[in-house]
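>>> coordinates for the following, if possible.
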Amino acid sequence: MKLIKVLFFLGLFFLKTIYAANVQPILPAPLTENQFIEKMVKEYHFDQKELTLLLGQAEVLPEVIERCNKPFEEKPWDFYRNFFITPDRVQGGVVFWHEHADTLEKVSKAYGIPPEIIVAITGIETKYGQQTSKFPALSTLKTLAFHYPKRAAFFQNELENFLLLTRENHLSPNSLMGSYAGALGIPQFMPSTYRKYAISFDKAHSVNLLTDKDDAIASIAYYLQQSGWQPNQPVATPALIDQPMPTDLLVAGAKPIYNQTFLIQHGVHSKVPLINPPPACLIALHNTHGEEYWLSYPNFYAIMTYNPRTTYAMAIYQLSEQIRQAYEGSIQTSTGTPTTR
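Take a look at the predicted model:
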């Protein structure tokens, strides 16, 4: 039983994947494996015999289907928070920030993303690049593309992009490891996201998200910028509700659609005073013994394009705040000068 729990929690480090949850393209109907091969040959000029052999060698992995059917983000928020927001992960973020301070400063200025948000994402995705993925990416994507009907179209698109990605970057499809959903590298980008948003930090080499932390930092920042991040705007604030809970205000998907005046008229206030706040929505985080209500803003929604769960986005935000405070404290301790932001 203990071994099962250990294996389960090791896998959790790799469950955070970019699904582009809020705006997904309309995908064609799923294909059979043979039809998929024919498509890759016709549209992208793959060698039919080689691709047939390659996919034939890939295994079907029942474990990845089991994990996709039981996402960790469905755990109560307090359980999820306590698993990911720990002193060890906060301190790891401070160390990562110090080690990559120059890169984080340049990237933050270029794309408008706070360093602590970038650091927190790397911390939850792969524990700052320390936790390497355990699942053969090709076998994972084959399993989900042809043996997971409810998301077959999505994963066939990811398998297609994976094969193109490996060809474009001269990588061996059989050698790459990923998450149980096929996400790759330090930032855990899905193959389609890798091809679209991965960038080289110094532009002096081809992009490498598998081992290059500077490229991972730059790519996370670029992705969030392209996903609608608004510089110098809040992510989320605790909500104060001064009348019976307006359940009809709870917004599925956390899309910010209400202005401050509307929310106040319905008895919903931010516990943190904000001047001219952006549109918001009311979200409920389900704890073991009750609900926790927050107002989330466009930047929270941008994080949710990385992973479509409010628990994930809130964990990123709260971890980022603790990392920032600890980092600023470490700077003050070393210099004797208070930091300001």
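
>>> buried stuff in whichever helix or strand Gln318 is part of?
Under the criterion of DSSP states H and E, Gln318 resides in helix 310-335. Buried residues in helix 310-335, counted by 16 or more other C-beta atoms under 10 Å: 310-324, 326-328, 330-331. Backbone N, C-alpha and C define where each C-beta goes, glycine included.

>>> over to stretch 162-178?
If you call a residue buried by 16+ other C-beta under 10 Å, then stretch 162-178 has these buried ones: Phe162, Leu163, Leu164, Leu165, Thr166, Leu171, Pro173, Leu176, Met177, Gly178.

>>> show the contacting residues for the last one.
With contacts defined as C-beta atoms under 8 Å, 6 or more residues apart in numbering, the neighbours of Gly178 are Phe14, Ser133, Phe135, Pro136, Ala137, Thr140, Leu141, Leu184.

>>> quick one: which of the residues you listed has the most company?
When neighbours are counted as other C-beta atoms under 10 Å, the busiest of the contacts of Gly178 turns out to be Thr140, with 32 neighbours.

>>> quick one: end-to-end length of stretch 199-212, please.
For stretch 199-212, the separation between the terminal residues is 11 Å (C-alpha to C-alpha, to the nearest Å).

>>> domain ranges for this structure?
Here the domain assignment for the chain is 21-71+132-196+214-226, 236-296, based on automatic domain parsing.

>>> all strands for the stretch 51-200 of the chain, in order.
Counting by DSSP state E, counting those that start in this stretch, one finds strands in the stretch 51-200 of the chain at the ranges 135-136, 177-178.

>>> who does the last one pair up with?
Which is strand 177-178. Each strand that strand 177-178 pairs with, and the sense of that pairing, follows from DSSP bridges: strand 135-136 (antiparallel).

>>> so which residue is smack in the middle of the chain?
Among the residues of the chain, Tyr306 comes closest to the average C-alpha position under C-alpha atoms, centre = their mean, at 3.6 Å.

>>> the bottom helix or strand of the chain by mean pLDDT?
helix 2-12 (a mean of 41; mean pLDDT, DSSP states H and E).

>>> run a quick neighbour tally on the residue nearest to Phe46 when sequence neighbours are not counted.
For Phe46, the nearest residue in space outside its immediate sequence neighbours is Met40; the separation is 4.5 Å by C-beta to C-beta, 6 or more residues apart in numbering. By the measure other C-beta under 10 Å, the count of residues near Met40 is 19.

>>> which residues are contacting the host helix or strand of Met40?
Under the criterion DSSP H and E, the helix or strand holding Met40 is helix 33-44. The list of residues contacting helix 33-44 from outside it, by C-beta under 8 Å, 6+ apart, reads 31, 46-48, 51-52, 55, 142, 145-146, 156, 159-160, 163-164.

>>> quick one: which of those is most hemmed in?
When those are compared by neighbour count (other C-beta under 10 Å), Leu159 ends up highest, at 29 neighbours.

>>> quick one: contacts for that one?
Contacts here follow C-beta under 8 Å, 6+ apart; on that basis Leu159 touches Phe36, Leu141, Lys142, Ala145, Gly182, Pro191.

>>> contacting residues around the fifth one?
It stands for Gly182. Contacts here follow C-beta under 8 Å, 6+ apart; on that basis Gly182 touches Thr17, Phe135, Ala137, Thr140, Leu141, Leu144, Phe155, Glu158, Leu159, Phe162, Met190, Pro191.

>>> pLDDT wise, what is the last one at?
Yep, that's Pro191 we're talking about. What the model reports as pLDDT for Pro191 is 98.

>>> repeat that for the third one.
Reading off the confidence values, Ala137 has pLDDT 98.

>>> correct me if wrong: it contacts Leu184.
Yes - with contact defined as C-beta atoms under 8 Å, Ala137 and Leu184 form a contacting pair (6.3 Å).

>>> bridged to Ser296, which residues?
According to DSSP bridges, the residues that bridge with Ser296 are Ala236, Cys281.

>>> burial measure for it, as a count.
Quick note: Ser296 (other C-beta under 10 Å) scores 26 neighbours.

>>> one more: Arg151?
16.

>>> where's it relative to Lys271, distance?
In this structure, Arg151 and Lys271 are 38 Å apart, going by C-beta to C-beta, to the nearest Å.

>>> what's the answer for Lys106, then?
Here the criterion is C-beta to C-beta. By it, Lys106 lies 34 Å from Lys271.

>>> which one of those two has more residues nearby?
Residue environment comparison for Lys106 versus Lys271 gives the larger neighbour count to Lys106, 16 against 11, counting by other C-beta under 10 Å.

>>> how far away is the more buried one from Asn276?
Computed with C-beta to C-beta, the distance linking Lys106 and Asn276 is 29 Å.
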